[in-house]
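# could you look at this predicted model? Sequence included:
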Amino acid sequence: MADRSPLALWRGFLARPNDDRGKTIFVAMLVAAVCSVFVTGATVVLRPIQAANRAAETQLRLEALVSAIPGMRDLLATGGDLATVVVDLETGMAARDVTPETLDAALQDPANYIALDPETDIAGIGARPRYVQVYIVRREGRVETVIFPLIGAGYNGPLEAMIALSGDMNTIAGLTVTRQSETPGLGARIEEEAWQSGWAGTEVRDPAGTMKFAVARGPSVSPYEVDGITGASRTGRGVTQMVRFWLGDNGYGAVIDAIRRQEF
Amino acid sequence: MRPPLRQTFLTPLIHENPVTLQILGICSALAVTTSLDTALTMSVSLTVVLVLSAAAISLIRQHIPVSIRLIVQILIVASLVIVIDQVLQAYLFDISQRLSVFVSLITTNCLVLGRTESFARSNPVLPSVVDAAGNGFGYSLILVVIGSIREIFGKGSLMGWPVLPTVETGGWYTPLNLMLLAPSAFFLLGLAVWAIRTILPEQAEPLSHQPPDHPEAAE
């Protein structure tokens, strides 16, 4: 009589020759199942910590950006007010039914993305979200500074940054890079304060309204340029395109116009 | 007769170093050695993956069907790499951002599959783990040396601490940008291979052909 207990079945199974077809398939399935349990477990268990890391990083950079803008600390200390607003890039107004709390859920929905064709997609991002969270600093009802998040493509991978524009919506007050994977020591120097400090006071458009901003190849020679980084021209071009896209008509253009008309 | 464990561990450090003798795993050795902390993190990650995958594969070695053995090994290695990558992203966020894609690429590191295929698959767990650790440390040794040299001469610092005062901070040292680019790792690795093979001539490979200009050399 064959023993039919599971343990005996298991033993009998292991005793089968290794080139047995049934054993081959079973071993493959078993290894795959065990591995997927490990991978899924690690991903699920660690996801909250990773999300917290990312959020903390972004918050830290935002605070650093705000405090690096000349006079901003005093402004906030003397009655200035930093507000978080979700804007609708289609209308240029504050979003009606999306709040900072529901923004993540809204961005899960592919319907809230607009695919970009190659001519307009100068920043290399493929699709642009409809809702973005921006930060507006007001004083006595007047918009002093607006901080816009930016995403783009660098030399080695995606770029994420935040740019602060002064109330005239043309003068850059500061920039901070929140995510990059550029070449260490070359393109990665866009993360350094020394480079970012050169952004304050740079203008985006000339008086005629033409987009002029660029990361120069070498030292900047006009009020519309910031210094380039030697050996990182592709990263510089990525940053230029990212800023031009987001501050242009396909990015925050409608929002910037609305702020200029003092509708915020 | 299996060699003693001590020898299994020590041989891969210099005498059979996986990077300088077998020239395995050099893609990552070139990419992550721009500074010492990334080189160290990469070394630890690779050693952990190597040891755990060697243990797992050695444990089930009697039951791996020959026809699918490479798939089974890669599956185990890849799963371990994903787990390590997730752990790094959770607890060493800064460094994981700088290592970016290279941790995931441990999966395709010839060194890992090389050891599991040639050693762990045919040896008991303990020697396999010791062999994996030895190879992991051999790899780490090269990465740490190259990483230190590149960081010192490329940025004037070590682990982020200033060593050579750079011109930018008012010192005298002008950082060598070349050291931060991949070719410099090639040069350093080549010099290391040269140095080791000069000291240990038995590692040098015979010439595969004679240069045509010197026919008299071919005896």
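Right, received. Where do you want to start? Numbering: from 1, shown residues only, chains lettered A, B, ... in the order given.
# list the contacts of residue 27.
Reading this off chain A. By Cβ atoms under 8 Å, 6 or more residues apart in numbering or on different chains, residue A:27 lies in contact with B:60, B:63-65, B:68, B:72. For the C-beta atoms, the positions are set from N, CA and C on the backbone; glycine is no exception.
# if you could check chain B rather than the one you did, that'd help
B:105, B:109 are the contacts of residue B:27 under Cβ under 8 Å, 6+ apart.
# can you tell me the element it falls in?
Per DSSP states H and E: residue B:27 is located in helix B:26-31.
# now that helix - C-alpha only, PDB.
C-alpha atoms of helix B:26-31 as PDB (Å, rounded to 0.1, in the frame of the first residue of the first chain):
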ATOM      1  CA  ILE B  26      33.200  45.600 -13.900                       C
ATOM      2  CA  CYS B  27      30.200  47.500 -15.300                       C
ATOM      3  CA  SER B  28      29.100  48.300 -11.800                       C
ATOM      4  CA  ALA B  29      32.700  48.700 -10.600                       C
ATOM      5  CA  LEU B  30      33.000  51.500 -13.200                       C
ATOM      6  CA  ALA B  31      29.700  53.200 -12.600                       C
END
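# for whichever strand or helix holds residue A:257, packing partners?
In the assignment (DSSP H and E), residue A:257 maps to helix A:253-260. Applying 3 or more Cβ pairs under 8 Å, 6 or more residues apart in numbering or on different chains; DSSP states H and E, we find helix A:253-260 packed against strand A:142-153.
# so, low pLDDT: which residues of the chain?
If you meant another chain, say so; for now it's chain A. A:1-3, A:68-72, A:79-80 (pLDDT under 70).
# I was after chain B.
B:1-2, B:100, B:214-219.
# can you count the residues close to residue B:167?
11 (other Cβ atoms under 10 Å in any protein chain shown).
# if we can go back for a sec, only whichever of the contacts of residue A:27 are buried, select them in ChimeraX.
Here is the ChimeraX command that selects only those of the contacts of residue A:27 that count as buried (16 or more other Cβ atoms under 10 Å in any protein chain shown):
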select /B:63,64,65,68,72
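# re the thing from before, how far does the helix holding residue B:27 sit from its chain's centre?
8 Å (Cα atoms, centre = their mean, to the nearest Å).
# what of stretch B:179-196?
13 Å.
# mind listing residues that contact the helix or strand where residue B:195 lies?
Using DSSP H and E, residue B:195 falls within helix B:182-199. The contact list for helix B:182-199, computed with Cβ under 8 Å, 6+ apart, reads B:14, B:17, B:19-21, B:23, B:26, B:29-31, B:33, B:142, B:145-146, B:149-150, B:154, B:176, B:178, B:203-204.
# mind checking which of those are buried?
Of the contacts of helix B:182-199, these count as buried by 16+ other Cβ under 10 Å: B:14, B:17, B:19-21, B:26, B:29-31, B:33, B:142, B:145-146, B:149-150, B:154, B:176, B:203.
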